[in-house]
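>>> this is a predicted model, with the sequence first.
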Amino acid sequence: MGLDPNILVRVGGIYNLGFAVFHLFFWKLFRWEEDLASLTHINRAVMQILNLCLTFVFLLFGYLSLFHTQELLAGGLGKAILIGVAIFWFLRMIEQVIFFGLRNKVSVVFTIIFLFGSLLYILAIL
């Protein structure tokens, strides 16, 4: 008895929407008004633009996962998208380790969370 791929993809949708919301709070959580002030105008703008674009990607992943579950699981293009999302979260997990290390509990927790995101999508297509 395996895990239901439909449920895995839908949980992945909620997971991605959660990260979209989380990223919208970056300005407050990380005090960007203060902290980004030390950057040049270009670097400050790039940080914020990248965050907003990433938020859009999470919204897109979430939308596709929740409202196009069957299409993602049925066809070649859908499965390619699911593999892409799995790779995205796997790479994010690797980047967590490279840039933050595993020396504190928060970084370890985020590493596990990103691995979970990758597994949701990869297990859905296996």
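Alright, I've got the coordinates.

>>> which residues of the chain fall in helices?
5-24, 26-29, 32-35, 41-67, 69-74, 76-100, 105-125 (DSSP state H).

>>> turn the ones you listed into TSV, including mean pLDDT and mean neighbour count.
For glycine as for every other residue, the C-beta is placed from the backbone atoms N, C-alpha and C. Formatted as TSV, the helices of the chain follow (pLDDT from 0 to 100; neighbours: other CB atoms under 10 Å):
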stretch	mean pLDDT	mean neighbour count
helix 5-24	98	18
helix 26-29	98	12
helix 32-35	96	11
helix 41-67	98	15
helix 69-74	98	16
helix 76-100	98	16
helix 105-125	98	17
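
>>> residues contacting residue 101?
residue 107 (CB atoms under 8 Å, 6 or more residues apart in numbering).

>>> any idea how far it is from residue 107?
According to CB to CB, to the nearest Å, residue 101 and residue 107 sit 6 Å apart.

>>> cool, residue 34 as well?
Counting by CB to CB, the gap from residue 34 to residue 107 is 23 Å.

>>> ok, residue 53 next?
Taken as CB to CB, the span from residue 53 to residue 107 is 24 Å.

>>> do residue 99 as well
From residue 99 to residue 107 the distance is 9 Å (CB to CB).

>>> what does residue 76 give?
37 Å.

>>> again with residue 70
37 Å.

>>> what of residue 113?
For residue 113 relative to residue 107 (CB to CB), the value is 11 Å.

>>> same deal with residue 96?
6 Å.

>>> now residue 22
16 Å.

>>> just residue 98 next, same as before
11 Å.

>>> next one: residue 37
For residue 37, the distance to residue 107 - CB to CB - is 26 Å.
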